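# 3D model of this:
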Amino acid sequence: MISAILRRNRVSLAELAHRFAMPLKDFVREFEYVRKGLPHDQVLRFEHPYCRRCGFVFKEKHRVKAPTKCPKCRSESIEPAVYWIEPRSR
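Just a heads-up that it's a prediction; the model follows:
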């Protein structure tokens with residue numbers, strides 16, 4: 001079910017957790033199962049979170065937990081990472 005949504009839409013983990021009426025921390029575990037269980041012909045893609053105020057992009061090692069403050073301008077207005085599934089290119 002989660003993978004079907006990710007094949008059709010780009011969504012944040014918070015949106016998915018809300019859709020399945022689960023706390024975010026519990027949903028993260030479910031998300032990991034989906035990520036690890038993808039068929040070899042599909043790949044999980046994502047866009048890094050970024051600051052809505054100054055545009056800083058959080059490109060450090062990918063973490064599922066969203067950042068809370070921008071290190072550049074200290075704003076808490078952070079756009080979360082979005083995820084989707086697409087066919088693996090050959």
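# Quick check: next helix or strand after the helix or strand of the chain with the lowest mean pLDDT?
Lowest by mean pLDDT, DSSP states H and E among the helices and strands of the chain is helix 24-36, with a mean of 87. With elements assigned by DSSP states H and E, the helix or strand that comes after helix 24-36 is strand 42-47.
# Contacts for the helix or strand just after that following strand next, please.
Where DSSP H and E defines the elements, the next helix or strand beyond strand 42-47 is strand 50-51. The contact list for strand 50-51 (Cβ atoms under 8 Å, 6 or more residues apart in numbering) reads 56-58, 70, 72-73, 75, 77-79. For the C-beta atoms, the positions are set from N, CA and C on the backbone; glycine is no exception.
# to the chain's geometric centre, what's the distance from strand 50-51?
13 Å (Cα atoms, centre = their mean, to the nearest Å).
# pLDDT of it, averaged?
Averaged over strand 50-51, pLDDT sits at 95.
# And the next helix or strand past it?
Next element after strand 50-51 (DSSP H and E): strand 78-79.
# Nearest residue to Phe31 in space, please, no chain neighbours.
The spatial neighbour of Phe31 that comes closest, neighbours along the chain excluded (Cβ to Cβ, 6 or more residues apart in numbering), is Leu13 at 6.1 Å.
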